[in-house]
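# Could you look at this predicted model? Sequence included:
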Amino acid sequence: MPTDRKKSTMRREIRTYIQRQIAEGAYRPGERIVETQLARTMNVSQAPVREALLELSAMGLLEERPYSGTYVRRLTAGDIEDIYNTRAFLDEYAARQAARRITPEQLDAMKTLLRRMDQAEDDASFAEMDIAFHAMVVDAAGSPSLKRAWENLRLVEWTSLSVAVTQESLPELASQHWQIFRTLRSRAEREAGAYMFLHIKHFGEELKRYLTRQEQAETVPEHERREDTHDAGRP
């Protein structure tokens, strides 16, 4: 029987796969995701698939329809702006607090993670480390209330989709996280908060542009739409 850690890893892999399929246009807004079919595709049982679908529904990427199934939610630019504004405010506060409270040990752990991020070769592994980095910032902030809000809203889980659609390279993304680290190390409270806020908002703006392209693509013939899909992510 799989351990809890293996189950968690499996759910994360399934979530990442679904987010990638959405980013690439394989799963389109309003389309039903069939558990049995997805389980066969990934060669896993239905249980972790069901759990992953529930988690993606909780974060707002999918929606559960009674007696019907799970569908890709049709997100608007306003939805994305609301999600990323909320996260930007939370992460800004986390960075400001972390700049005041972060310990040498936490800085060392963060530096170790950033060095691994520099070596990331694919979106999935980078997104996993990206999420871990921001969790470290929240932990360093030393605010139980903030941590509960940050975890319960699950906003950081949009990271996988953001990394999948961004036009920036992985080294460029890693460089942004090094800059956040430097502001924390120098105890620059205002700079840390401001940079973090803009960092999160930037990804929200990119995702909004991506959704706009998707909406426009729905009016384009199918053969042209497939060509557009290959151009949707980073060059």
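Yes, it's here. Numbering: from 1, shown residues only.
# Got the confidence number for the closest residue to residue 93 other than its chain neighbours?
Leaving out its chain neighbours, the residue that sits closest to residue 93 by Cβ to Cβ, 6 or more residues apart in numbering is residue 146, at 6.3 Å. Every C-beta, even on glycine, is put in place using the N, C-alpha and C of the backbone. Model confidence at residue 146, given as pLDDT, is 96.
# and residue 146, what element?
If you go by DSSP states H and E, residue 146 is part of helix 144-153.
# all strands for this structure, in order.
Counting by DSSP state E, the segments of the chain that form strands are 32-33, 62-65, 69-72.
# buried sites along the last one?
Residues of strand 69-72 classed as buried: 70, 71, 72 (neighbour count, 16 or more other Cβ atoms under 10 Å).
# Enumerate every residue touching the second one.
This points to residue 71. Residue 71 makes contact with 30, 31, 32, 33, 62, 63, 65, according to Cβ atoms under 8 Å, 6 or more residues apart in numbering.
# wouldn't residue 17 be in contact with residue 42 here?
Yes: using Cβ atoms under 8 Å, residue 17 is in contact with residue 42, at 6.5 Å.
# what are the ranges of the helices in the protein?
Ranges of helices within the chain are 4-23, 35-42, 46-58, 77-101, 104-118, 123-141, 144-153, 159-165, 170-185, 189-217, 222-230, based on DSSP state H.
# Any idea which of those helices has the lowest pLDDT on average?
Minimum mean pLDDT among these: helix 222-230, a mean of 54.
# Residue 30: how many residues sit nearby?
Neighbour count for residue 30, taken as other Cβ atoms under 10 Å: 11.
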